[in-house]
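Peer 1: Pasting a predicted model and its sequence here:
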Amino acid sequence: MKKIIDKNFENLKNKFKKYFLDSINHLKNNDRIVIWLSWWNSLKIFYEELKNNFHLIDKTLRNKIYFCFLDERVVDFSNDNSNYKSIKKIFLDKLLNKWLIKQEQILLPDFSLKDYEINYFEKVKKIDIWFFWVWEDCHTCSLFPNHKLLKNEEYWYLKIIDSPKQPKERITISINMLLDIKYAYVFFMWKEKEKAFNIFKKEEVNNNDCPIKFVEKCENVIIFSDLV
């Protein structure tokens with residue numbers, strides 16, 4: 001596990017760009033490269049860096065990249081509660097407008113279906129890169145502390161219908177599928193995440209109390225933080 005900790009946002013962004021481009025290059029032999037996009041305001045600077053440097057990726061590789069959305073609220077994609085809406089505005093629209101990606105490279109769940117989580121697994125069976133943001137209670141991707149879904153041993157996507165935070169219904173990922181992600185980028189940004197970061201660093205804290213700790217078992221984990 002690598003830790004990139006620096007109060008200077010420019011340094012953080014530059015190192016993020018380097019590691020991300022390296023990750024893409026290491027996956028160049030894949031038939032496709034699937035990136036899971038999460039959202040919170042503290043990730044905005046990293047999406048801007050990615051947007052500004054996406055053209056550096058070879059076109060052959062860019063055509064292999066697909067974006068998916070699993071930490072998503074079950075709302076219309078035009079709703080202000082939609083993570084996709086926020087990411088589309090600050091990141092994806094820019095790539096589309098510059099012809100750096102095509103619309104079909106954006107994979108969305110179909111919430112009109114009863115079993116939308118099963119349908120989405122048919123679209124996205126494997127995730128290669130994931131951007132994890134962390135909330136103050138150490139939850140990530142709608143996997144909340146001591147929630148029953150943390151014990152689910154299946155390998156696919158899950159519905160959560162009792163989220164402690166509104167809206168209550170969301171789509172997320174099973175732990176076994178999470179652990180299969182090759183590159184996990186984890187962001188503890190801004191002073192409000194200091195408590196969560198300190199809990200994450202404690203070896204005696206278990207995964208159920210701090211779900212973001214599950215990522216420690218992923219193959220490649222890179223922590224980014226301005227909390228020096």
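Peer 2: Arrived safely, thanks for sending. Numbers count the residues shown, from 1 in each chain.

Peer 1: contacting residues around residue 120?
Peer 2: The contact partners of residue 120, by CB atoms under 8 Å, 6 or more residues apart in numbering, come to 68, 70, 107, 109-110, 157, 171. Bear in mind the C-beta positions are built from the backbone N, C-alpha and C, glycine included.

Peer 1: Give me the residues contacting stretch 57-64.
Peer 2: In contact with stretch 57-64 (CB under 8 Å, 6+ apart) are residues 21, 24-25, 28, 30-33, 54, 65, 100-101, 105.

Peer 1: Regarding this protein, what is its longest helix?
Peer 2: For the chain, the longest helix by residue count, based on DSSP state H, is helix 9-26.

Peer 1: Report the distance from it to the chain centre.
Peer 2: Computed by CA atoms, centre = their mean, to the nearest Å, the chain-centroid distance of helix 9-26 equals 15 Å.

Peer 1: and the helix or strand that that helix is followed by, what does it pack onto?
Peer 2: Per DSSP states H and E, the first helix or strand lying C-terminal to helix 9-26 is strand 33-36. Other elements packing on strand 33-36 under the criterion 3 or more CB pairs under 8 Å, 6 or more residues apart in numbering; DSSP states H and E are strand 65-68, strand 129-133.

Peer 1: mind listing what strand 33-36 pairs with, with the direction of each?
Peer 2: In the sheet, strand 33-36 lines up against strand 65-68 (parallel), strand 129-133 (parallel) (DSSP bridges).

Peer 1: and the last one, what's its mean pLDDT?
Peer 2: Put plainly, it is strand 129-133. The average pLDDT for strand 129-133 rounds to 90.

Peer 1: and if you look at the first one?
Peer 2: Predicted confidence along strand 65-68 averages 98 (mean pLDDT).

Peer 1: which residues are in contact with that strand?
Peer 2: 24, 32-37, 57, 92, 101, 105-107, 120, 123-124, 127.

Peer 1: what distance separates the lowest-mean-pLDDT helix or strand in the chain from the centre of its chain?
Peer 2: Every helix and strand of the chain was ranked by mean pLDDT, DSSP states H and E. The lowest is strand 129-133, at a mean of 90. Between the centre of strand 129-133 and the centre of its host chain there is 3 Å, according to CA atoms, centre = their mean.

Peer 1: returning to what we had before: burial-wise, tell me which of the helices and strands packed on strand 33-36 comes out on top.
Peer 2: Counting by mean count of other CB atoms under 10 Å, strand 129-133 has the highest mean neighbour count of the helices and strands packed on strand 33-36, with a mean of 23.
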